[in-house]
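Participant: let's see this in three dimensions:
(chains A, B, C and D)
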There are 2 protein chains.
Amino acid sequence: MRIGQLSERTGVPTRMLRYYEEQDLLHPERADNGYRQYPESAVYRVQQIRGLLDSGLTTEIIRRILPFLDRTDAIHLDPQCLTPELAGLLEAEAARIQQRVECLSRNRDAIHAYLAAVRALRG
Amino acid sequence: MRIGQLSERTGVPTRMLRYYEEQDLLHPERADNGYRQYPESAVYRVQQIRGLLDSGLTTEIIRRILPFLDRTDAIHLDPQCLTPELAGLLEAEAARIQQRVECLSRNRDAIHAYLAAVRALRG
DNA sequence: TCAAACTTTCACATCAGTGTGAAGGCAAGC
DNA sequence: GCTTGCCTTCACACTGATGTGAAAGTTTGA
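Facilitator: Sure thing, here's the model as predicted:
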């Protein structure tokens, strides 16, 4: 599909889709006329990128972990490409993500607890 | 304590502590000479702010939810200050935080699954 | 008293993510 | 053919979070 349709289906402006490509997060083919050609899977890929960006990850981090997050895991399982360094990097990134999860969970719980307490007081 | 010590104890540059004050996240007293005076509790407060920023929340959102996240919950439980609008805002923010948590958890799991799969292949 | 280390405010710079618009090529319908 | 709408690249600008440095006042200790 072309960039306009991908934009419509994901709700992400075309400007951003081009930016993600520039940041090496998307790699659309090009038609003869130069138009970008996205596969169906790009819809999910874009949603994934958005979710990660909204969660505070930078495009640089996303670029590094994205190849291992694809739904079509199988094709990425070539162990050759996983050097010890890369494994360490992934471990570290997973740990940092876990930190975020814990911090956010804590604060979400605190908000809920506050709301519940006020409601209880009011009866 | 003064800004230098707070910086040292939290690992957050003084520049950032002043910025957080400008953003209404911190409210230190002032000594006679104009120096900022932070209470002991500021250490935890700063760590909380950092965690939330690192998780992708903006200072604006943090400013709005911070009053309800303090460890000294009791003093914030005055139901008078919780208008229906504010309650809705907090609910919405908690929901958005939950979205982040889910996205990050998913991707953390995917990284771990990838690493486990490669390790299994290698024996 | 003097120097070093701290503080203050102010300002300019950077980086990532995003908005917006110009100037032009391509495509589909009237 | 012409218009309309999508596409291309390029570029300038903004915002939020941060780095950095200048100029000046304060505190502390030799």
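
Participant: A:Leu104 is in contact with B:Glu102, isn't it?
Facilitator: No - taking Cβ atoms under 8 Å as the definition, A:Leu104 is not a contact partner of B:Glu102, at 10.0 Å. C-beta: built from backbone N, CA, C; applies to glycine.

Participant: just want to know which of these two has more residues nearby.
Facilitator: Neighbours per residue (other Cβ atoms under 10 Å in any protein chain shown) separate A:Leu104 from B:Glu102, with A:Leu104 holding more: 28 against 14.

Participant: need the contact list for the more buried one.
Facilitator: The contact partners of A:Leu104, by Cβ atoms under 8 Å, 6 or more residues apart in numbering or on different chains, come to B:Leu52, B:Ser55, B:Ile97, B:Arg100, B:Val101, B:Leu104.

Participant: name the helix or strand for the third one, please.
Facilitator: When you say that, I think you mean B:Ile97. For B:Ile97, the enclosing helix or strand under DSSP states H and E is helix B:84-122.

Participant: buried set for that helix?
Facilitator: With burial defined by 16 or more other Cβ atoms under 10 Å in any protein chain shown, the residues of helix B:84-122 counted as buried are B:90, B:93-94, B:97, B:100-101, B:103-105, B:107-108, B:110-111, B:114-115, B:117-118.

Participant: which ones, among the residues you listed, also lie beside DNA strand C?
Facilitator: When these are checked against DNA strand C using Cβ under 7 Å from any atom of the strand, none falls in range.

Participant: which residues of chain A lie near DNA strand D?
Facilitator: Residues of chain A lying near DNA strand D (Cβ under 7 Å from any atom of the strand): A:Arg2, A:Ile3, A:Gly4, A:Gln5, A:Ser7, A:Thr14, A:Arg15, A:Arg18, A:Gly34, A:Tyr35, A:Arg36.

Participant: tell me, what residue is most central in chain A?
Facilitator: For chain A, the residue sitting closest to the mean C-alpha position, by Cα atoms, centre = their mean, is A:Ile49 at 3.0 Å.

Participant: report whether stretch A:8-22 contacts DNA strand C.
Facilitator: Yes - residues of stretch A:8-22 are located near DNA strand C by Cβ under 7 Å from any atom of the strand, namely A:Pro13, A:Arg15, A:Met16, A:Tyr19.

Participant: can you put those in a markdown table and add neighbour count, pLDDT and distance to B:Thr83?
Facilitator: Below are the residues of stretch A:8-22 next to DNA strand C laid out as a markdown table (neighbours: other Cβ atoms under 10 Å in any protein chain shown; pLDDT from 0 to 100; distance: Cβ to Cβ, whole Å):
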| residue | neighbour count | pLDDT | distance to B:Thr83 |
| --- | --- | --- | --- |
| A:Pro13 | 11 | 96 | 35 |
| A:Arg15 | 10 | 96 | 38 |
| A:Met16 | 15 | 97 | 36 |
| A:Tyr19 | 14 | 97 | 39 |
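
Participant: now, which of these lie within strands?
Facilitator: Among the residues of stretch A:8-22 next to DNA strand C, none falls in strands (DSSP state E).

Participant: tabulate those (JSON lines), appending distance to B:Arg30.
Facilitator: Below are the residues of stretch A:8-22 next to DNA strand C laid out as JSON lines (distance: Cβ to Cβ, whole Å):
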{"residue": "A:Pro13", "distance to B:Arg30": "45"}
{"residue": "A:Arg15", "distance to B:Arg30": "45"}
{"residue": "A:Met16", "distance to B:Arg30": "44"}
{"residue": "A:Tyr19", "distance to B:Arg30": "44"}
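
Participant: mind putting those in TSV, distance to chain B included?
Facilitator: TSV is the format used below for these (distance: Cβ to the nearest Cβ, whole Å):
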residue	distance to chain B
A:Pro13	19
A:Arg15	21
A:Met16	17
A:Tyr19	18
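
Participant: for DNA strand D, state which of the residues you listed is nearest.
Facilitator: Nearest to DNA strand D, judged by Cβ to the nearest atom of the strand, of the residues of stretch A:8-22 next to DNA strand C is A:Arg15 at 6.7 Å.
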